[in-house]
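Asker: below are the sequence and a predicted model for it; my questions follow.
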Amino acid sequence: MTTGIGARVKRKEDKRFITGKGKYTDDVRMENQAYAAFVRSPVAHANVKSIDKSAALAMEGVVDVLDGHQLTGDGIGNIICGWAVTSKDGTPMKMGAWSALATQKVRYVGDAVAVVIADTQQQARLAAEAVEVEYEELPVVAFADKALAEGAPQIHDEAEGNLIYDWDIGDAAKADAGLAAAKHITEMEITNNRLSPNPMEPRSAVATYDEAEEHYTLYTTSQNPHVARLVLSAFYNVAPEHKLRVIAPDVGGGFGAKIYIYPEEITCLWASMKTNRSVKWTADRSEAFITDAHGRDHISTAKMGFDENGKITGFKVDTIANLGAYMSLFSSSVPTYLYATLLSGQYDIQNLHANVRAVYTNTVPVDAYRGAGRPEACYLIERMMETAAREMGMKPAELRAKNFVKEFPHETPVIMTYDSGDFDANLAQAEAAADVAGFAKRKEEAAKRGKLRGLGYSCYIEACGIAPSAAVGGLGAGVGLWESAEVRVNPVGTIEILTGSHSHGQGHETTFAQIVAERFDLPIDNVSIVHGDTDKVQFGMGTYGSRSGAVGMSAIVKAMDKVEAKVRKIAAHQLEASEDDIVIEGGEVKVAGTDKALGWHEIGLAAYTAHNLPPDMEPGLKESAFYDPSNFTFPAGTYICEVEVDPETGVTEVVQFTASDDFGTIINPMIVEGQVHGGLAQGIGQAMLEQVIYDDDGQLITGSYMDYTMPRAADLPNFSVHHASTVCPGNPLGMKGCGEAGAIGSPPAVINAITDAIGNNDLAMPATPQNVWNALQAVSAAQAAE
Amino acid sequence: MYPTKYLKAASIDEAVKALGASDEAKVLAGGQTLLPTMKQHLAAPSDLVDIRAIDGMVGVSVDGNTLTIGAATTHAEVASSADVQKHSPALACLAAGIGDPAVRNAGTIGGSVANNDPAADYPAALLALGATVVTSKREIAADDFFDGLFATVLDEDEIITAVKFPKVEAAGYSKFPQPASLYALVGVFVAKTADGVRVTVTGAGEDGVFRSEALEAALAADFSEASAKGADVPAEGLMSDIHGAAGYRANLIRVMAARAVTSAA
């Protein structure tokens, strides 16, 4: 089998992508299409005193200028946060209202106050500039720690002192006792830099209202079109679900930013009804920087205690998470259930406590971005472990191995139950592949060239395959996190898989087809994958949290089980054999040990002609399944980064990056390696290049690629990617997920390598040349002082 | 982009006349700064006067010791010109390192010089090499040409037609790119001429390109890498932004000067 599980099948979708034939939302052209341009606040915090539309309305091509009062007047609901987090004092999170178009107050630069609908995009944009908005400016707070300070500007009346929740997990008394008993305590202040997601395709929406049918169609850049439809219908009151079709066609990257239902999509739908025109909006890159939900932005202090053998005795973390000006769809869950629940890392930690305060600031809303909470947890633990090893004079790998969880299932003090893994195997494989033994020699050689060479580890674990519905429901999630699939065998035997997962770069059209081709032993070209259209596909939950393999494909397996059962019955009936003797192979359905066989296509035909089916069997060959996972899955691995620093300039080169991952069963190694490469690029980007920077007035300094540094090919080495897998016991294929691992595991490995090279543990991300040079100057100054 | 009128000028006279006809007219050469600025609605010229088709605007020639580069010659053409490589290898090297291939195949020397972006590369070369800017009206020494951030002594209706470079004994350029834009965070051009050593710095000065007295003194005494590294380059007068505080830039000036000396040919 060259196309089944484990085969490096070239991606079926790439022909259309690399020949420019992909069909993205912005490629959609509707009859009578108009364009939307948003009027956005140029200031970070202000009362909206008045909006004068007269000049804009008089401009050529302008269809209408609509504002928030009209929007709320039409009953369009406020934007929701879909995960209720309860503070430790038992009070619910303090959520401020968020209207798609601001009515009274703007709270960040980019907050939309009105929208212009015009015949052309150019006309809409010019008219948007002519809308005169009078702002009464208010004091601004753009930083999480300052937002909590006494007397800080109040952003939402609902959240006193800008505190959304003050939440904790674990046992504080036990953690304190563990620290009190420690022989050594490592204490660090760690920030996790704020990032802009930057998918290659900016967000886009094309909304059409059919007056006769009272029906809406929305083409949009979504990772989860059904969830979008549900939320647009149930909470934003755009239309009932059966009167709203959401289509997410080819989508050029999501990274989390396309999970949420933003003001622009809501406004386009509503505006299409108001103007009776199709309304199109596509963000330009500048708009993406100020509207796509940002990621990360934590400030933490952490203390980790160790006994005389290096065993962890206690771990205490205090984190402030910046959620921006409004609570985005899953914002509340990211710094809590996706972050603090992973703070046990790969380690057997008995005494652990984490406190998290989420705050409002006058900045773009913050939500899940590739990894979502887990990179923040991994970065914190893995910097602590490396620093602790250096402080105690131990080898970083030895300290980790000493504390590894070795028996499964393992219950952590922060509510996760690790189901499987072999952390030692991944550490050993990574160390061998990275030739850690030869590092000292390489360091010596680099020194001769005037370079400082350093080596850093990261042993990450993450929870994905999100998620058991009842479990997350108990934690406050507003949705179930199962997945659906339908397997349609056509009368000629070809197969369509309808999946609730959504592909926006992951290669589902190939990987999903592989498990079908393997199961029914058919050519992979006979299988196609249908996704992304609420009119075609049954309700599904979409793609995020590395869930499409472990959850989405499990649903396909469950549906295939049902198809196979029916195929066996039909074959047994027609071939006059026992169902148990039926085997499916080589494009045939056979009776084992005989020459009796039917072609796979004959089974399909038999099912639909229904001339000769078993008594009481319904015609047709189409089955569906909903799969709800029993647990999260736990991909884990070891990353080892090797860098060279130029001490004259602080320029750091990643000279070697080695990954050893446990993703469970791998369907297509080529695609998995691609996922790892992309994740590593984003993780190295976070570690060395990327940072969203606001000034004190809440103005975005890094609002374009002139100042926001994305990783380029030249910034990255050839990655050395390996696998040491244990099968996930929780799902039928044994899969764990691979989409986020690279972005989760790599930042601490990079920073640990640089701090090793420069001899200073005090280094924040991104390790830009200037930051590294400054850290080197601090070392020189300290040496001079001694 | 706001509406604008486009004129492809056939002669200097026509271009000058068109520029004089409106306060809001702009010269268009490679457009690598002007067009993105217009797309972002940060510039709204009423007229664009394209000078690239004017006779003699494109090309490289050598006359004795003088290298003349037409104002509308692209960076790629300068970088690949055998005449430039022979006469002034450091200049060819500088041109080869501007922006990316798309920029180099559209952007022009005249446009870069007229724009005088404080992080552009060419101003450092002109000032260090003692070049002369030839315009529709006159010839201006580089020493007198640059006039602060994005400013030059050019009149509103004055068009650069060429830049002339004398031959020097040795020259080198070293750039430290700003990580995001890849413009010069610090670029240092060193030139050893018959009249002494000139060292110019782009990317770092609060008022744009400048000559570094400290480095000129150090390298005049000893034209060596060590001498450049040991120079006392002050942080005063240097820009500070998210990519580099003045102190970091001062350090980079020393390091880039040393690397420019090493590469000088």
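Answerer: Nice, I can see it.
Asker: tell me who's in contact with residue 127.
Answerer: Picked chain A for this. Neighbour list for A:Ala127: A:37, A:56-57, A:59, A:61-62, A:65, A:116, A:118 [criterion: Cβ atoms under 8 Å, 6 or more residues apart in numbering or on different chains]. Every C-beta, even on glycine, is put in place using the N, C-alpha and C of the backbone.
Asker: look at chain B instead
Answerer: B:142-143, B:146, B:189, B:198, B:200, B:209-211.
Asker: can you rerun that using 10 Å?
Answerer: Applying Cβ atoms under 10 Å, 6 or more residues apart in numbering or on different chains to B:Leu127 gives the contacts B:141-143, B:145-146, B:189, B:191, B:198-202, B:208-211.
Asker: quick one, helices of the stretch 601-750 of chain A?
Answerer: A:669-688, A:741-758 (DSSP state H, counting those that start in this stretch).
Asker: adding distance to chain B, mean pLDDT and mean neighbour count, write those out as TSV.
Answerer: Formatted as TSV, these follow (distance: least, Cβ to the nearest Cβ, whole Å; pLDDT from 0 to 100; neighbours: other Cβ atoms under 10 Å in any protein chain shown):
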stretch	distance to chain B	mean pLDDT	mean neighbour count
helix A:669-688	9	98	23
helix A:741-758	15	98	29
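Asker: could you save those helices as JSON lines and add columns showing distance to B:Pro3?
Answerer: Rendered in JSON lines, the data for these read as follows (distance: least, Cβ to Cβ, whole Å):
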{"stretch": "helix A:669-688", "distance to B:Pro3": "39"}
{"stretch": "helix A:741-758", "distance to B:Pro3": "44"}
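Asker: of the ones you listed, which approaches A:Ile640 most closely?
Answerer: Among those, the nearest to A:Ile640 by Cβ to Cβ is helix A:741-758 (6.3 Å).
Asker: between the closest one and helix A:669-688, how big is the angle?
Answerer: Here helix A:741-758 points in a direction 50 degrees away from that of helix A:669-688 (axes from the mean of the first three to the mean of the last three Cα atoms, to 10 degrees).
Asker: export the next helix or strand after helix A:741-758 as CSV, just CAs?
Answerer: Helices and strands here follow DSSP states H and E; after helix A:741-758, the next one along the chain is helix A:769-785. The C-alpha coordinates for helix A:769-785 follow below in CSV (Å, rounded to 0.1, in the frame of the first residue of the first chain):
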residue,chain,number,x,y,z
PRO,A,769,20.2,41.5,18.0
GLN,A,770,19.7,44.5,20.3
ASN,A,771,18.3,42.5,23.2
VAL,A,772,21.0,39.9,22.9
TRP,A,773,23.7,42.5,22.7
ASN,A,774,22.2,44.3,25.8
ALA,A,775,22.3,41.0,27.7
LEU,A,776,25.9,40.6,26.7
GLN,A,777,26.7,44.1,27.9
ALA,A,778,25.1,43.2,31.3
VAL,A,779,27.5,40.2,31.6
SER,A,780,30.5,42.4,30.8
ALA,A,781,29.3,45.1,33.3
ALA,A,782,28.8,42.4,36.0
GLN,A,783,32.3,41.0,35.3
ALA,A,784,33.8,44.5,35.4
ALA,A,785,32.1,45.1,38.7
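Asker: quick one, domains of chain A?
Answerer: Residue ranges for the domains of chain A, per automatic domain parsing: A:15-138+A:200-253+A:258-291, A:333-349+A:377-461+A:632-785, A:482-627.
Asker: in a markdown table: those, plus distance to A:Asp166.
Answerer: A markdown table is the format used below for those (distance: least, Cβ to Cβ, whole Å):
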| stretch | distance to A:Asp166 |
| --- | --- |
| domain A:15-138+A:200-253+A:258-291 | 5 |
| domain A:333-349+A:377-461+A:632-785 | 11 |
| domain A:482-627 | 25 |
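Asker: among the contacts of A:Ala127, which two are most distant?
Answerer: Pairwise distances across these (Cβ to Cβ) peak at 13.6 Å, for the pair A:Ala37 and A:Leu57.
Asker: out of the two, which sits in the more crowded spot?
Answerer: With neighbours defined as other Cβ atoms under 10 Å in any protein chain shown, A:Ala37 and A:Leu57 compare such that A:Ala37 has more, 24 against 15.
Asker: tell me which element the residue of the stretch 201-350 of chain A found nearest chain B is part of?
Answerer: Closest residue of the stretch 201-350 of chain A to chain B, Cβ to the nearest Cβ: A:Ser286 (7.1 Å). Assigned by DSSP H and E, A:Ser286 falls within helix A:285-291.
Asker: show me what the mean pLDDT comes to for that helix.
Answerer: If you average the pLDDT over helix A:285-291, you get 97.
Asker: can you give me how far that helix is from the chain middle?
Answerer: Using Cα atoms, centre = their mean, to the nearest Å, the mean C-alpha position of helix A:285-291 is found 19 Å from that of the whole chain.
Asker: and the end-to-end length of stretch B:228-237?
Answerer: With Cα to Cα, to the nearest Å as the measure, stretch B:228-237 spans 19 Å from end to end.
Asker: can you map out the strands along the stretch 1-150 of chain B?
Answerer: Secondary structure of the stretch 1-150 of chain B (DSSP state E, counting those that start in this stretch): strands located at B:5-8, B:25-28, B:47-50, B:60-63, B:66-70, B:132-135, B:139-141.
Asker: rewinding a little: for A:Ala372, find the nearest of the helices of the stretch 601-750 of chain A.
Answerer: helix A:741-758 (9.1 Å).
Asker: show the end-to-end separation of stretch A:256-272, please.
Answerer: Taking Cα to Cα, stretch A:256-272 runs 27 Å from one end to the other.
Asker: just the buried residues of that stretch, please?
Answerer: A:256-272 (16 or more other Cβ atoms under 10 Å in any protein chain shown).
Asker: just these that are near chain B?
Answerer: Contacts with chain B within the buried residues of stretch A:256-272, counted by Cβ under 10 Å from any Cβ of the partner chain: none were found.
Asker: before we move on, the earlier item: shared neighbours of A:Ala37 and A:Leu57, anything?
Answerer: By Cβ under 10 Å, 6+ apart, A:Ala37 and A:Leu57 have these common neighbours: A:65, A:116, A:127, A:131.
Asker: just the residues you listed: which are in strands?
Answerer: Applying DSSP state E to the shared contacts of A:Ala37 and A:Leu57, the entries found in strands are A:65, A:116.
Asker: out of the shared contacts of A:Ala37 and A:Leu57, who has the most neighbours?
Answerer: For the shared contacts of A:Ala37 and A:Leu57, neighbours tallied by other Cβ under 10 Å; top is A:Val116, 30 neighbours.
Asker: please tell me how far that residue sits from A:Ala597.
Answerer: Between A:Val116 and A:Ala597 the computed distance is 66 Å (Cβ to Cβ, to the nearest Å).
Asker: which strand or helix spans A:Lys88?
Answerer: Going by DSSP H and E, A:Lys88 is not part of any helix or strand.
Asker: quick one on the thing from earlier: so the residue of the stretch 201-350 of chain A closest to chain B is in contact with A:Ser704, correct?
Answerer: Yes: counting by Cβ atoms under 10 Å, A:Ser286 touches A:Ser704, with 6.1 Å between them.
Asker: can you give me the neighbour number for residue 252?
Answerer: All of this is about chain A. 18.
Asker: look at chain B instead
Answerer: Around B:Leu252 there are 30 other residues, counting by other Cβ under 10 Å.
Asker: quick check on it: phi, psi?
Answerer: Phi and psi for B:Leu252, reported as degrees, to the nearest 10, are phi -60, psi -30.
Asker: can you tell me the closest non-neighbouring residue to it?
Answerer: Among residues not flanking B:Leu252 along the chain, B:Val186 sits closest, at 4.0 Å (Cβ to Cβ, 6 or more residues apart in numbering or on different chains).
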